[in-house]
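1. here is my input; please provide its structure:
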Amino acid sequence: MLSLEVSPGSPAVHGYRRPTLWYNFRLPGGSSISDVALVGPAPTTYTRSSAAMAFDENGVLQQYGIDIPAFDHDPYTGEALGLLIEPARAMRALWNRDLTNAVWVKTNCTSALDETGLKGDANACSTLTATGANATCLQTVTFASNDVFYSAWVKRKTGTGDIQMTADGGATWTTLTDLSSSVFKRYVVNQTLANAVIGFRIVTSGDEIIVDFNQHEVNVPNATSLRVTNAASVTRQATALYLINEMDWYNNSGPGTIYSSMRHYADDGTHRYVFDITNNSTDTRNSHRIINPDRNWVYRQSATVEATITGTSGFPAYGVVDKMASAWDVNDGVFVANGSVIGTDNSMIMHTDASRMLMAIRQGGGADYFYGWFGEIIYWPYRLPTAALQAMTT
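-> Modelled structure (predicted):
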């Protein structure tokens, strides 16, 4: 049974006390999924049936094993981005760190496996040196026509001439801007084609670059996290995160407020659920979601009685913090995103039988997974003022 008693030291979050659920997913690398629960029960299910990689707070790329959460960080600032949640994707560029391998065909170019890479490992990524003008290093990836994202982490070693990337064997070249000689930067080429031919052109003879983690992916909203490949492609499996049948924190049949802070991947034209509170069916629902192309809150009392408020602000930008909050009481609902009131509903009817909460997926599964970085979810068992929702989402 939900208790609204204030205990000594009960935290104030965004200036308001007594949250009964507070999940902070912006944690150091190596943290447990149970560590996210500052208030309330820990998530009961976290799965990913393969390894995954994420940057730690020191900017070093780390690999996390099966079912170990990948808490990601900005590699340059160390800022905690949140729990990385991604779709299953195959990485088809072979020997993606070792460009000395024969799958990388070089013209007027030499390669050496002699540099420290993103994982902090010595002699693990490659130097490309132009021995003549317009030196190239290319790999053919045999695959049917698709929406291809080719990405690589690159930094300059010597020289000042143009460095370029291609996904179509040089029919088009993309010049890498703001190339650094001190830190790796990730560059992405997106193109629809079959049998991509990926790689680099070094325009000026004598120039050198350092390259790590070439990655070929298809049907993704953007380039995703990294995996090492050698002689065969590697698949990173999807992440799933749930809190099931642990609902003592939730005020069934009464008022409440819920806040979410996330960073999304780019829009791929599909609904994306941040969380879905249900009765193990879609008859009862309380959800924050992106319904292409807008933010949306739905509070459903039954299959035919619901409040749905949808914004018109478009899909959140890639990697940018996106904040939503909703509050409800009888005949009094409001939905706020990034400081602005999206809409209100003055005919709210409370539901009474919510029995579980899903995160990053909706009731019934389907293709409506959230992809990006989970930041924070907070729930208060009372309705906060609309001005408070605007302040916490600004």
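
2. please tell me how far V183 sits from V154.
-> Between V183 and V154 the distance is 10 Å, computed by CB to CB, to the nearest Å. All C-beta spots, glycine's among them, are computed from the backbone N, C-alpha and C.

3. quick one: buried residues of stretch 128-137?
-> Residues of stretch 128-137 classed as buried: 128-130, 134-137 (neighbour count, 16 or more other CB atoms under 10 Å).

4. what is the rounded mean pLDDT of stretch 152-164?
-> Stretch 152-164 shows a mean pLDDT of 98 in the predicted model.

5. let me redo that: stretch 338-351
-> The average pLDDT for stretch 338-351 rounds to 93.

6. how about it as PDB, C-alpha atoms only?
-> Extracted C-alpha coordinates of stretch 338-351, given in PDB (Å, rounded to 0.1, in the frame of the first residue of the first chain):
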ATOM      1  CA  ASN A 338      10.900  21.800 -22.100                       C
ATOM      2  CA  GLY A 339       9.200  24.600 -20.200                       C
ATOM      3  CA  SER A 340       6.100  25.000 -22.300                       C
ATOM      4  CA  VAL A 341       2.600  23.900 -21.600                       C
ATOM      5  CA  ILE A 342       1.700  21.500 -24.400                       C
ATOM      6  CA  GLY A 343      -2.000  21.100 -23.300                       C
ATOM      7  CA  THR A 344      -4.500  20.600 -20.600                       C
ATOM      8  CA  ASP A 345      -7.500  18.300 -20.000                       C
ATOM      9  CA  ASN A 346     -10.400  19.200 -17.700                       C
ATOM     10  CA  SER A 347     -12.300  15.900 -17.900                       C
ATOM     11  CA  MET A 348      -9.800  13.600 -16.300                       C
ATOM     12  CA  ILE A 349     -11.100  10.300 -14.800                       C
ATOM     13  CA  MET A 350      -8.600   8.500 -12.600                       C
ATOM     14  CA  HIS A 351      -7.700   4.900 -13.400                       C
END
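
7. please compute how far it lies from its chain's middle.
-> The chain centroid and the centroid of stretch 338-351 are separated by 27 Å, computed with CA atoms, centre = their mean, to the nearest Å.

8. go on, stretch 223-230?
-> The answer for stretch 223-230 is 15 Å, by CA atoms, centre = their mean.

9. mean confidence (pLDDT) on that stretch, please.
-> On average, the pLDDT along stretch 223-230 is 95.

10. about what we covered before: more neighbours, V183 and V154?
-> Using other CB atoms under 10 Å, the more surrounded residue of V183 and V154 is V154, with 23 against 10.

11. need the contact list for that one.
-> Applying CB atoms under 8 Å, 6 or more residues apart in numbering to V154 gives the contacts 163, 165, 176, 179, 184-187, 200, 209-212.

12. nearest to H216, of the buried residues of stretch 128-137?
-> Taking CB to CB as the measure, H216 sits nearest to C137 out of the buried residues of stretch 128-137, at 14.6 Å.

13. packing partners of the helix or strand hosting that closest one?
-> If you go by DSSP states H and E, C137 is part of strand 135-141. Here strand 135-141 touches strand 105-107, strand 109-115, strand 125-130, strand 196-202, going by 3 or more CB pairs under 8 Å, 6 or more residues apart in numbering; DSSP states H and E.

14. each with direction, which strands does it pair with?
-> strand 105-107 (antiparallel), strand 196-202 (antiparallel) (DSSP bridges).

15. quick one on the thing from earlier: could the helices and strands packed on strand 135-141 go into JSON lines alongside distance to V60?
-> JSON lines is the format used below for the helices and strands packed on strand 135-141 (distance: least, CB to CB, whole Å):
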{"stretch": "strand 105-107", "distance to V60": "29"}
{"stretch": "strand 109-115", "distance to V60": "15"}
{"stretch": "strand 125-130", "distance to V60": "14"}
{"stretch": "strand 196-202", "distance to V60": "25"}
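
16. could you redo the ones you listed as JSON lines and give each row distance to L241 and mean pLDDT?
-> Output for these, formatted as JSON lines (distance: least, CB to CB, whole Å; pLDDT from 0 to 100):
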{"stretch": "strand 105-107", "distance to L241": "42", "mean pLDDT": "98"}
{"stretch": "strand 109-115", "distance to L241": "36", "mean pLDDT": "98"}
{"stretch": "strand 125-130", "distance to L241": "32", "mean pLDDT": "98"}
{"stretch": "strand 196-202", "distance to L241": "32", "mean pLDDT": "98"}
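
17. wait, which of the ones you listed is closest to P293?
-> Taking these one by one with CB to CB, strand 196-202 is closest: 28.1 Å.
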